[in-house]
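Visitor: one predicted model, sequence on top.
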Amino acid sequence: MNTLTTAACLSTLAATLLAQTAAELTAPATFAAPNGDVLKYRIHLPSDLPEGARVPLILFLHGAGERGDDNALQLKHGVTDLIRFAQTNGQAIVLVPQCPTGQMWVNTNWSSNSHRMPSMPATPMRLVLLLLQDALARLPVDPKRVYVTGISMGGYGTWDLLQRKPELFAAALPICGGGDTELAPKIKQVPIWTFHGDKDGAVPVSRSRDMVAALKACGGKIDYREYAGASHDVWSRTYADPAVLKWLFSQRKP
């Protein structure tokens, strides 16, 4: 095969990959907990990993508008960008659970100015934790490169999951969410890059600002990007920014 033919084949392959939807890039699955509770999720598994290879795992938590039981709506935002970046940067496993209608990743009021982390995780979050533990045990995951990210309701979920299990994660990207500022010292060793629009009418921008201030006060590894004039949807530009995803993939636990 000559150079021109090889280049043409690679170009065709690249175009095919870019044309694939999140639904085509993932497979539907259902996780069943020992007590019978179930959680629907989608998973992207690289198909061409060398034997013995270990790759990062990205857990993506969707927003309130993508709740349901169709095991598809949660793919609406961000997932395609995450998978496409992974495909050209060493591959990754991507887990995308779906929160059922009427439930929440974190049982708290999203419009409030603060909250304390509930002593017990919400049922969907409890199932996410079990799913993650199962994935780490069964799949070819690099345990030093487990990442969590989420938007809006999933931004709250990202902070909640970090504060419950900081030892699991190499880095996090919470987008327009909020956490428990009193627990900032618990997660100060986890590199975090958080994002918010300063005109957000759904989740107060103070939720991100307060978490950033609390983490800086205790020496946390925190970066913050606030989008001037932006409302709630800042995730589209965030996940489309290669610099953000390159940062995420560069993080490793000691």
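Guide: Now that the structure is in, tell me what you want to look at. Residues are numbered from 1 along each chain as shown.
Visitor: and residue 61, bridged to which residues?
Guide: Beta-bridge pairing of residue 61, defined through DSSP bridges, involves residue 150.
Visitor: wait, it touches residue 160, no?
Guide: No: if you go by CB atoms under 8 Å, residue 61 and residue 160 don't touch, sitting 9.2 Å apart. (C-beta placed from N, C-alpha, C; glycine too.)
Visitor: now residue 182: closest residue in space, sequence neighbours ignored.
Guide: Setting aside the residues directly before and after it, residue 182 is nearest to residue 116 in space (CB to CB, 6 or more residues apart in numbering), at 6.9 Å.
Visitor: relative to residue 109, how far out is the one you found?
Guide: Separation of residue 116 from residue 109 (CB to CB, to the nearest Å) stands at 12 Å.
Visitor: and if you look at residue 244?
Guide: Distance of residue 244 to residue 109, computed by CB to CB: 28 Å.
Visitor: which one's more surrounded, the two?
Guide: Per other CB atoms under 10 Å, whichever of residue 244 and residue 109 has more neighbours is residue 244, with 21 against 9.
Visitor: wait, what's in contact with the nearest residue to that one once chain neighbours are set aside?
Guide: With CB to CB, 6+ apart as the measure, residue 238 is the residue that lies nearest to residue 244, at 5.7 Å, once sequence neighbours are left out. The contact partners of residue 238, taken as CB atoms under 8 Å, 6 or more residues apart in numbering, are 173, 175, 195, 225, 244.
Visitor: what about residue 27, distance to residue 160?
Guide: Using CB to CB, one gets 27 Å for the distance from residue 27 to residue 160.
Visitor: and if you look at residue 94?
Guide: For residue 94, the distance to residue 160 equals 20 Å [CB to CB].
Visitor: ok, now how distant is the residue positioned nearest the centre of the chain from residue 107?
Guide: By CA atoms, centre = their mean, the mean C-alpha position of the chain lies nearest to residue 149, the distance being 2.3 Å. Between residue 149 and residue 107 the computed distance is 21 Å (CB to CB).
Visitor: what's the burial count for residue 229?
Guide: 7.
Visitor: how about the one 4 residues further on?
Guide: Neighbour count of residue 233, defined by other CB under 10 Å: 18.
Visitor: check the one 10 residues further on too.
Guide: Residue 243 has 7 neighbours, counted by other CB under 10 Å.
Visitor: go ahead and name everything in contact with the host helix or strand of it.
Guide: Element membership for residue 243 (DSSP states H and E) is helix 242-250. Counting contacts by CB under 8 Å, 6+ apart, the residues outside helix 242-250 that touch it are 56, 58, 81-82, 85-86, 89-90, 92, 145, 147, 149, 171, 173, 193, 238-239.
Visitor: out of those, name the ones that lie in strands.
Guide: Secondary structure assignment by DSSP state E places 56, 58, 145, 147, 149, 171, 173, 193 of the contacts of helix 242-250 in strands.
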